[in-house]
Structures are given as C-alpha cells and as structure tokens.
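model this:
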Amino acid sequence: MKPKSAPLTRDDTFSAIDETILRAYDIRGIYQQTLDKKTAFLIGKAFATLIAERSGLDHPIIVTARDGRLSSPSLSQALKEGMASAGAYVRDAGLGPTPMLYFGVYHLNAAAGIMVTGSHNPPTHNGFKMTVAHQPFYGEDILEIGGRIKAGTLRDGVGSITESPLFEAYISRLLKDYAAEGTKSLTVVWDPGNGAAGDVVTQLAQRLPGKHITLNTTIDGTFPAHHPDPTIPANLVQLIDAVKAHKADVGVAFDGDGDRLGAVDADGNILWGDQLMVFFSRDVLRRVPGACIIADVKASQTLFDDITAHGGRAIMWKTGHSLIKAKMIEEKAAIAGEMSGHLFFADIYYGFDDGLYSAVRLLEMLARSEQTLAQMRASLPEVMNTPEIRIDVPAERKFAIVEEIRQRVVAEAADGKPYDVNEVDGVRVRYGNGWWLARASNTQAALIVRCEAQDASTLATLKMMVKVQLSASGIDVDLDHVTASGH
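Model prediction:
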C-alpha cells in the first residue's frame with residue numbers, strides 16, 4: 001500500500017535546512033556550519049519519504065555507506081536514524097568508496113542508496129550522493145528534499161538499521177572482468193590519496209596478477225599526503241615519482257570517494273579522462289561494433305573523431321555525472337566518460353561511475369595489448385589545449401552571460417562566420433582546426449572556459465574569440481597567460 005506523508009510539528013527540530021547545500025548533482029556543505037547531524041537526520045527522513053512514495057513500499061530498502069572523513073560517522077548515523085524514522089529498512093555497508101554503495105543497490109536489490117561523502121572537497125566539507133532504482137537522483141529531486149523539509153511533509157514510520165557489509169562482494173565483482181591471465185605482467189603503482197578507496201586498493205593490489213606498489217592506502221579524512229583530486233597535476237607528483245622509481249608501466253589515482261580515475265604512463269605523463277576514453281572506446285567497439293559512446297562537452301574533439309572513425313556513434317553531452325548516467329540509460333550507451341575522470345561502463349558492468357572498476361579495466365586492456373600506455377598516448381594526434389579555466393562571476397549572472405554569448409555566436413554563424421555551434425551545454429564553437437567552450441558551472445559561481453587546436457596560431461585565435469565574447473558581456477579576463485599543453 002502506498003504510504004501517506006504525515007506533516008511534522010513545526011518547531012526547532014524540523015526547521016528548514018540551509019538551502020545552499022542543495023546542489024545540482026548532490027548535497028554538499030561545511031560540517032558544523034551548513035551541515036550537521038540535525039540536517040543529516042532531516043535529509044534521511046525526507047529521502048526515505050520520497051522513496052516510500054515513489055516505490056509504493058511501506059518499508060523500502062535503502063543502502064548506505066560512508067567515506068573516511070572525520071565527520072562521516074556522525075552524519076551517517078543521523079542519516080540512518082532519519083531514514084528509519086520514516087519507515088525505511090536501512091542496510092548499512094559501512095566504510096568504503098561511493099561505487100561500492102552504487103554496487104550495493106544492485107547487489108541487495110534495494111530501492112535506493114545514499115552515500116555520505118565529501119568527494120574531492122576539503123576535509124571540512126561533507127555531503128550526500130543519492131541513487132534511486134538505478135537511476136541518478138539530482139536536480140529537481142534534490143530540491144524536493146529541501147522543499148519537503150521546509151514544509152514539514154515528512155513521513156513517520158518504524159524502520160530498522162542493519163549492518164550489511166559489501167566489501168568482499170564488491171571486490172569480487174571488480175575482479176570478475178579481469179580476463180588477462182597468462183598475458184604480459186604489469187608493474188602498477190596505486191594512489192588512493194588516503195581516500196575511501198584505500199582498503200579496496202589494498203585488496204586489488206594483492207589479488208591482481210603482476211607487481212603492485214601502493215601509496216597512501218590508509219583511510220584518513222585529513223588527507224595527510226595530498227588532496228585526493230587526480231585532476232590537479234600537483235596531486236599526482238608523488239604517483240609520478242613512484243612510477244619512475246619503480247619503472248612501472250602505469251600509475252593510477254582516485255579521488256576522495258573513488259568514483260573518478262586518474263592515470264599516468266611510464267614516462268610520468270598524465271592521461272586525462274578523454275584520452276583514456278579513446279582507448280576504452282576502441283576496446284569496447286571491437287566487441288560491440290557500432291556502440292553508442294557518450295562524452296561530455298569538455299572532451300577533446302580527438303575523442304569524438306576517433307569514436308566515429310572506429311564505427312561508433314559518438315554523442316557529446318552535458319557535463320555532470322548524473323546527467324551523463326541519465327543520458328546513457330536513454331541512449332543505451334555502452335560506455336561514457338568525462339574529462340574529470342568519471343568513467344561509466346555499461347557493456348558488461350552496471351553503467352555507474354566507478355574509478356576502481358575503470359582502473360581494473362585499464363590494467364586488463366594493457367595486459368592484453370602489444371602497446372604500452374606510453375605508446376598509446378604517443379599515438380594520439382597532436383593537439384594543444386588549455387586546462388579548464390574557471391572565471392569567477394556573480395552567481396546570478398553566470399547563466400545569463402553564457403546565454404548572451406550563445407545568442408551572439410549563433411547570430412554570427414547565421415551571418416556567415418565559419419562557426420559550428422553546439423549548444424548542448426553552454427556554447428561550444430568549432431572553428432578551423434579547433435574549438436572553444438564557455439559554460440556556466442553548475443556547482444560554483446563561475447564560468448568554465450576551454451580551448452583546443454592543432455596549432456599555436458589557431459589556439460591564440462580561439463583564446464581571443466573567447467576574450468572578445470566575455471568582454472562583450474562585461475567580463476574582462478587575460479587569457480594570454482594561460483599555458484596550453486600538448487595532447
């Protein structure tokens with residue numbers, strides 16, 4: 001029978017939460033400032049209320065897990081108590097990475113899952129990532145949680161909290177698709193950065209063939225070695241040094257909750273998410289000819305061209321792991337990826353972003369290949385691209401600025417300018433042998449800009465185009481100092 005929502009008494013206990021924590025893809029705040037145990041309880045109660053209503057179950061099963069931040073145990077306990085107070089049967093997987101939580105929703109045939117994690121944010125931050133019936137939970141769903149709490153329309157019920165360890169089952173599933181036994185042996189360096197993936201990395205290093213060196217596997221929410229964000233080159237210095245010292249074939253790194261992958265080759269060169277996607281896509285297309293493959297709007301044109309050249313159906317889509325997952329389901333895509341290192345395999349896996357599974361797939365592919373990762377990287381077409389440039393702007397202006405740019409560029413293209421304009425997420429303009437992108441960040445008061453070209457002259461032209469467009473909207477920035485890198 002479908003449960004009814006019972007309004008709660010409006011008193012201090014159920015006052016509205018700080019609405020700044022309700023983000024586009026998840027809930028995030030600063031512990032004891034915008035996020036505390038009372039807030040976690042209310043979020044749990046509201047989430048369980050929504051799951052009960054949507055599933056039609058009096059006692060929906062909801063899986064939980066937490067990362068290694070110092071605030072995660074207390075937030076997790078309050079969250080679980082909130083869900084149980086709304087009638088949910090909570091299955092707690094304990095400490096581990098976010099993809100272990102996603103896996104648990106499948107493994108336990110649960111109605112939903114919620115992870116306590118601050119991902120790659122500073123140690124003082126924390127938050128929640130949610131999934132419902134294998135569908136991403138984001139945008140309006142997250143706003144509805146805030147609305148339910150503010151209105152007090154939260155369900156009362158009698159649920160339960162049970163420990164449901166998933167660690168061994170998750171490790172076994174990660175190893176299941178490693179089919180490179182008897183092929184060449186690899187030397188691998190792993191660095192989870194003291195994040196929630198540490199214990200999983202230890203087990204993978206022990207159980208996979210080859211030689212494995214591990215760094216920073218002790219889960220420590222203060223992140224003593226370096227910040228756990230593999231998209232920042234400074235955070236990969238220790239990994240690069242270890243790869244060179246051990247003459248390793250590859251080094252892999254993860255963010256704080258293990259849903260993103262970073263990689264370096266034997267020469268210490270960093271491979272970004274879109275570069276890894278080139279090799280993963282080729283591998284998948286050999287087994288699934290004509291497969292649909294999705295990448296975000298920040299990805300290199302090299303990736304989209306390579307997918308097409310190898311017979312795949314390439315789709316450029318909006319940035320954001322929840323948006324990518326939703327599009328994958330819609331298009332029945334075999335694989336997807338983002339520049340940021342979120343990689344999604346749905347060919348023989350579940351389709352959620354899992355940095356650890358992606359690492360295993362990378363090692364399996366390298367063990368079968370006649371090429372090293374360094375040789376694969378060297379085979380990519382030479383391009384020059386800027387890093388992701390963040391430009392601070394007033395929050396109330398960021399989307400308006402992008403819309404102003406879009407209108408001007410579309411009008412210029414209509415007047416004969418040789419622009420190929422993609423409007424899927426902000427504005428991506430292809431010009432000559434390159435492209436530039438301007439989009440509004442969904443999580444910060446900032447614009448995101450990126451340029452890519454096959455030569456320095458075109459790159460300089462693209463940067464000037466962006467500067468002119470931003471200036472026309474009242475934003476003056478100097479892009480001349482932005483250094484481009486090869487590949």
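
so who does the nearest residue to Pro60 once chain neighbours are set aside touch?
Spatial nearest neighbour of Pro60, chain neighbours left out: Ala111 (3.9 Å); criterion: CB to CB, 6 or more residues apart in numbering. For every residue, glycine as well, the C-beta is placed using N, CA and C. Counting by CB atoms under 8 Å, 6 or more residues apart in numbering, Ala111 touches Ile51, Ser55, Leu57, Pro60, Ile61, Ile62, Val132, Ala133.

from those, list just the buried residues.
Ile51, Ser55, Leu57, Pro60, Ile61, Ile62, Val132 (16 or more other CB atoms under 10 Å).

nearest to Asp425, of the residues you listed?
Relative to Asp425, the closest of those is Val132; by CB to CB it sits at 23.4 Å.

ok, the closest residue to the closest one other than its chain neighbours to His59 distance?
Nearest residue to Val132, sequence neighbours excluded (CB to CB, 6+ apart): Ala112, at 4.6 Å. In this structure, Ala112 and His59 are 12 Å apart, going by CB to CB, to the nearest Å.

that older thread, mind putting the buried ones among the contacts of Ala111 into a markdown table with pLDDT?
Below are those laid out as a markdown table (pLDDT from 0 to 100):
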| residue | pLDDT |
| --- | --- |
| Ile51 | 98 |
| Ser55 | 96 |
| Leu57 | 97 |
| Pro60 | 98 |
| Ile61 | 98 |
| Ile62 | 98 |
| Val132 | 96 |
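
so of those residues, which ones are in helices?
Under the assignment DSSP state H, those contribute Ile51, Ser55 to helices.

among the buried ones among the contacts of Ala111, name the ones in strands.
Ile61, Ile62, Val132 (DSSP state E).

in the stretch 351-487 of the chain, where is pLDDT below threshold?
Regions of the stretch 351-487 of the chain meeting the criterion pLDDT under 70 cover residues 483-487.

again but with the stretch 201-350 of the chain, I slipped
Of all residues in the stretch 201-350 of the chain, none has pLDDT under 70.

so where do the strands sit in it?
211-214, 250-254, 261-265, 270-271, 292-296, 313-317, 335-337, 343-345 (DSSP state E, counting those that start in this stretch).

of Ala112 and His59, who's got more company?
More crowded of Ala112 and His59, by other CB atoms under 10 Å: Ala112, with 26 against 19.

what's opposite that one in the beta bridge?
Ile62, Val132 (DSSP bridges).

closest to the centroid, which residue in the chain?
The residue lying closest to the centre of the chain (CA atoms, centre = their mean) is His342, at 4.1 Å.

spatially nearest residue to that residue (excluding sequence neighbours)?
Using CB to CB, 6+ apart, the nearest residue to His342 is Asp353, at 4.2 Å.

how much space separates that neighbour from Ile149?
28 Å.

which of the helices or strands spans the residue lying closest to Ser85 once chain neighbours are set aside?
Once flanking residues are discounted, Ser85 sits nearest to Lys45: 5.7 Å by CB to CB, 6+ apart. Assigning secondary structure by DSSP states H and E places Lys45 in helix 37-55.

got a list of what Ala336 touches?
Contacts of Ala336 (CB under 8 Å, 6+ apart): Ile293, Ile294, Ala295, Trp317, Ile324, Lys325, Lys327, Met328, Leu343, Phe344, Ala346.

go again using 10 Å as the cut-off
Neighbour list for Ala336: 277, 280-281, 292-296, 315, 317, 321, 324-325, 327-328, 342-346, 351, 353 [criterion: CB atoms under 10 Å, 6 or more residues apart in numbering].

same deal with Tyr419?
Tyr419 makes contacts with Val409, Val410, Glu412, Ala413, Val427, Val429, Arg430, Tyr431, Trp435, Met465, as judged by CB under 10 Å, 6+ apart.

buried residues, stretch 44-56. List them.
In stretch 44-56, residues buried by neighbour count (16+ other CB under 10 Å) are Gly44, Lys45, Ala46, Phe47, Ala48, Thr49, Leu50, Ile51, Ala52, Glu53, Ser55.

one step back: so which of the ones in strands among the buried ones among the contacts of Ala111 is the closest to Arg28?
The closest of those, once distances to Arg28 are taken by CB to CB, is Val132, at 18.6 Å.

what about that closest one, distance to Gln454?
Taking CB to CB as the criterion, Val132 is separated from Gln454 by 43 Å.

can you give me the angle the helix or strand where Thr64 lies makes with helix 37-55?
Using DSSP H and E, Thr64 falls within strand 61-66. Here the directions of strand 61-66 and helix 37-55 differ by 150 degrees (axes from the mean of the first three to the mean of the last three CA atoms, to 10 degrees).

just give me the neighbour total for the nearest residue to Ala84 once chain neighbours are set aside.
Closest residue to Ala84 apart from its sequence neighbours, by CB to CB, 6+ apart: Gly159 at 3.7 Å. By other CB under 10 Å, the residues close to Gly159 number 22.

over to Pro136?
For Pro136, using other CB under 10 Å, the count is 22.

show me the contacts for Gly351.
Shown in contact with Gly351 (CB under 10 Å, 6+ apart): 102, 134, 324-325, 328-329, 332-336, 344-345.

er, Gly139 I mean
Gly139 sits next to Leu22, Arg23, Ala24, Tyr25, Gly320, Ser322, Leu323, Ala326, Asn442 when contact means CB under 10 Å, 6+ apart.

likewise Ala110?
Contacts of Ala110 by CB under 10 Å, 6+ apart are 51, 60-64, 88-91, 104, 131-134, 164.

that one: which element?
In the assignment (DSSP H and E), Ala110 maps to no helix and no strand.

how is this structure carved up into domains?
What automatic domain parsing lists as the domains of the chain is 12-165, 169-269, 271-351+368-378, 384-486.

and these: which comes nearest Val360?
Short answer: domain 169-269, nearest of the domains of the chain by CB to CB, at 5.4 Å.

now do the closest one: distance from first to last residue.
Counting by CA to CA, to the nearest Å, you get 34 Å between the two ends of domain 169-269.

can you give me the helices for the stretch 351-487 of the chain?
All helices of the stretch 351-487 of the chain, identified by DSSP state H, counting those that start in this stretch, fall at 355-368, 373-378, 398-414, 456-472.

over to the stretch 1-150 of the chain?
Here the stretch 1-150 of the chain has its helices, by DSSP H, counting those that start in this stretch, at 37-55, 72-84, 98-107, 140-151.

report the contact partners of Asp191.
So Asp191 contacts 197-198, 201, 213-217, 225-226, 228, 230, 235-236, 238-240, 242-243, 251-254, 262, 264 (CB under 10 Å, 6+ apart).

for the stretch 1-150 of the chain, which spans come out with low pLDDT?
Filtered on pLDDT under 70, the stretch 1-150 of the chain yields the residue ranges 1-15.

next up, the contacts around the closest residue to Thr231 other than its chain neighbours.
Once flanking residues are discounted, Thr231 sits nearest to Ser340: 5.6 Å by CB to CB, 6+ apart. Counting by CB under 10 Å, 6+ apart, Ser340 touches 120, 229-231, 255, 259-262, 272-274, 296, 298, 319-321, 353, 388.

so Lys176 versus Asp347, what's the distance?
Lys176 is 13 Å from Asp347, by CB to CB.

of these two, which one has the most company?
The residue with more neighbours, out of Lys176 and Asp347, is Asp347; 17 against 12, by other CB under 10 Å.

that one contacts Val284, doesn't it?
Yes. Counting by CB atoms under 10 Å, Asp347 does reach Val284; the two are 5.4 Å apart.

quick check: neighbours shared by the two?
Ala291, Ala333, Ala334, Ile335, Arg361.

now the first one, what are its backbone angles?
The reference is to Ala291. phi -60, psi 150 (degrees, to the nearest 10).
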